[in-house]
Structures are given as structure tokens and as C-alpha cells.
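Participant: Sequence plus the predicted model coming up.
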Amino acid sequence: MPVGQTTKNGKVHYKDISYNGVITNGFYKDGTGILTDGKFGPANSKEFKGKGWVGWFSFLTQSQYIDILFEFSGMRKFTNVILTMNVDKKRDNAVFNRSQIFFSSTKTSFSDTSFLQYCPRDLQAKDNPYNANVTLSLCGNTARFMKLRLYFGGQWLLISEISFNSVPVSTDETMRDCSGDTEAVCTATQLSTESLQTTPIPGCEHCTTLSTGTNIKSPAESSSGSNNLPLIIIIVCVILMIVIVLLVVIFLLYRRRALCFGKMKQRNKTVRVELQNVEDSQDPAYDAINDNLGNPEYSNVSGNHDDTQHMLFPVKKKSGEFVPQT
């Protein structure tokens with residue numbers, strides 16, 4: 001039997017913490033646990049963080065069904081098996097929509113073409129969660145090993161208890177087909193503190209018990225959820241790819257904008273530096289000097305030399321000296 005699973009938020013664990021066997025590669029083996037302890041889990045399966053229930057989520061299981069293998073102390077003749085399931089419309093906890101039951105005298109000799117099959121109808125939807133007993137007739141077949149194959153009827157398949165009505169026998173017998181029985185072969189019970197009376201499932205007259213080698217198709221309305229699983233996975237993958245592409249495009253656009261903004265900022269700095277150099281430039285300064293005669297002259301001490309016409313300088317005249325005018 002596969003190990004129970006945990007809800008998406010990680011708060012509710014539908015695992016068999018009381019299992020006394022071993023866990024190998026994600027499967028319970030060679031032991032017993034809460035499915036055979038005679039105790040029922042609460043109707044609100046999330047109460048006590050899932051204690052009292054073993055459950056599997058169809059999406060995580062990646063299969064349309066789960067297999068539960070039972071080994072008994074010796075050969076036994078079975079009347080029926082009763083499974084206590086949880087039904088919760090809001091959380092999509094549902095009873096299996098199809099079951100197949102295999103019998104064998106050894107652990108490795110199950111026949112893929114000879115089994116009992118039941119297709120119970122959905123239980124009446126209610127606002128509040130509740131537990132339901134589903135009884136499957138085993139037609140008096142004998143076996144030491146029995147395998148229950150339960151197909152998902154909702155997102156979650158929760159089981160609290162499995163019990164068998166049987167007696168020991170000394171020899172193995174040929175498998176029996178009880179599809180012609182007129183008695184109700186599958187019943188459901190809503191468990192309550194007031195009454196434990198058993199009532200048939202609505203539409204139970206359509207339940208079937210088969211032993212056949214042909215392919216059995218389950219009702220389309222009950223198996224559509226499982227058949228749509230690959231399509232859901234594809235849609236999720238496509239959405240993730242689109243999101244990744246959009247993130248890459250946004251990153252490239254942002255990076256390009258940042259580079260352009262950096263270049264414009266560098267250009268503005270260059271223009272400011274050039275303008276600052278122009279503003280800081282000054283006119284050439286001139287210092288006064290005297291010639292040999294004591295006349296003041298001016299010399300250019302900075303800036304570019306002007307080779308144009310000389311400036312007129314004031315000169316001092318000595319008495320009686322003729323100074324030509326230019």
C-alpha cells in the first residue's frame with residue numbers, strides 16, 4: 001500500500017504513523033496499522049491534523065488507482081469486505097468510483113483477468129462531511145492473499161478502517177462469480193453517534209460484480225477527472241513557460257533602458273565639464289613695465305599673444321626732446 005500523503009499546505013498528514021511494518025520505496029509492507037485497529041477517524045478529516053485517516057491525493061499519486069495488498073494467516077473463505085471512507089464535498093474527498101478485487105493463494109500469482117469488480121454510485125452530496133461504510137460482497141471466494149484496487153472518485157481518497165467477514169478453510173477453491181446474486185452487493189452507511197443502521201446506496205441496483213478477461217470501462221462521468229490529469233499537467237507546463245518568457249522579456253527591456261539611461265547621464269556630465277571650463281576662463285592679465293627711459297609699457301603675461309597692431313603707450317618727454325608721433 002502506498003504511504004499516505006500530506007495536504008498542499010503541509011498542515012494535515014494522512015499517514016499511518018502507527019504502522020508496525022516497514023516502509024520501502026514509499027510503500028507500507030509487512031505490518032498493520034490504523035486500517036485494522038477498529039477505530040474510526042472523525043468526520044472532519046482535518047481534525048487532529050488527519051489523525052485516524054490514511055489518504056492519497058490523485059495528482060501526487062500520478063495514477064488512477066491505489067492497490068492495497070492483504071496477507072492472512074492461512075486460507076480463508078470471505079463473505080464481504082467493509083471500507084470506512086470519508087466524504088467531503090468541499091475538499092473533494094470521495095468514495096472510489098470503481099473497485100477490483102483479486103484473490104490468490106500466493107503473493108505473486110494474482111490473475112489479471114479474473115477478479116470481482118464494483119462500480120458504486122456517488123454518495124449523496126451534503127454540506128457537512130461524513131463517514132460512509134461501503135460493503136463489497138466477496139462471493140464466498142477463498143484466498144490467503146487479497147488485493148484491493150480502488151480507483152479515485154475525487155481528488156482525495158481517505159480510508160479509516162477495512163474489515164473482512166471470513167472463516168478459515170483448508171483448501172483453495174475456484175473463484176466464484178456472484179454477479180447473478182439478487183442481494184445488494186454494495187451498501188453504504190452514514191456513521192453517526194445516534195445510529196449505525198445500514199442503508200443501500202441510491203442506485204445500487206446498477207452495481208455489478210464481474211469476473212472477466214475483457215477490458216472493463218468505468219462510467220465516463222466518474223473517471224473523467226482522472227482522465228483529464230495529463231491535460232491539466234500540459235496546461236500547467238504551458239502556463240509556466242509563458243510566464244518564464246515574459247519574465248525574460250521584461251528583464252531584457254529593463255536592462256536596455258538602464259544602459260541607455262547610463263549613456264545619457266555620462267553625456268550630460270561631459271557637457272557640464274566643458275561648460276565649466278569655459279566659464280572658468282579669464283581675460284589675459286597685463287603687468288606694467290618700464291623701458292630704459294622710464295616710460296611705462298605693458299606685457300602680456302598670460303593668454304594668447306596678439307600679433308596685431310601694437311597698442312599706443314603713453315611716454316614721458318624730456319625737455320627739448322622731439323618725440324615723433326605715430
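Facilitator: That came through fine.
Participant: So which helix or strand of this structure has the lowest pLDDT on average?
Facilitator: strand 199-200 (a mean of 35; mean pLDDT, DSSP states H and E).
Participant: Let me see the ranges of the strands in the stretch 101-250 of the chain.
Facilitator: 116-118, 130-137, 142-151, 156-168, 186-190, 199-200 (DSSP state E, counting those that start in this stretch).
Participant: Out of the ones you listed, the one nearest Val236 is which?
Facilitator: strand 156-168 (19.2 Å; Cβ to Cβ). (Each C-beta comes from the backbone N, C-alpha and C, glycine too.)
Participant: Against which helices or strands is the closest one packed?
Facilitator: With contacts taken as 3 or more Cβ pairs under 8 Å, 6 or more residues apart in numbering; DSSP states H and E, strand 156-168 sits against strand 54-57, strand 65-87.
Participant: Out of the ones you listed, which is the most enclosed?
Facilitator: With neighbours taken as mean count of other Cβ atoms under 10 Å, those reach their highest mean count in strand 54-57, at a mean of 23.
Participant: now for the helix or strand just after it, which elements pack on it?
Facilitator: Heading C-terminal from strand 54-57, the first helix or strand you meet, by DSSP states H and E, is helix 58-61. Counting contacts by 3+ Cβ pairs under 8 Å, 6+ apart, helix 58-61 is packed against helix 229-280.
Participant: was I right about Asp16 contacting Asp37?
Facilitator: No: if you go by Cβ atoms under 8 Å, Asp16 and Asp37 don't touch, sitting 9.7 Å apart.
Participant: Pick out whichever of these two has more residues nearby.
Facilitator: Asp16 (22 against 13; other Cβ atoms under 10 Å).
Participant: Could you look up the SS state of Lys90?
Facilitator: Classification of Lys90 using DSSP: H, G, I helix; E, B strand; the rest coil returns coil.
Participant: Compute the number of surrounding residues for the residue lying closest to it once chain neighbours are set aside.
Facilitator: Among residues not flanking Lys90 along the chain, Pro129 sits closest, at 7.6 Å (Cβ to Cβ, 6 or more residues apart in numbering). Counted by other Cβ under 10 Å, the residues lying close to Pro129 total 19.
Participant: wait, doesn't Pro129 sit right on Ala43?
Facilitator: Yes: if you go by Cβ under 8 Å, Pro129 and Ala43 touch, sitting 5.0 Å apart.
Participant: Now the common contact residues for these two.
Facilitator: Taking Cβ atoms under 8 Å, 6 or more residues apart in numbering as the criterion, Pro129 and Ala43 both touch Asn86.
Participant: you'd agree Asp37 is up against Ser18?
Facilitator: Yes: the pair Asp37 / Ser18 is scored as a contact, 7.0 Å apart, by Cβ under 8 Å.
Participant: what about Lys89, distance to Gly21?
Facilitator: 34 Å (Cβ to Cβ, to the nearest Å).
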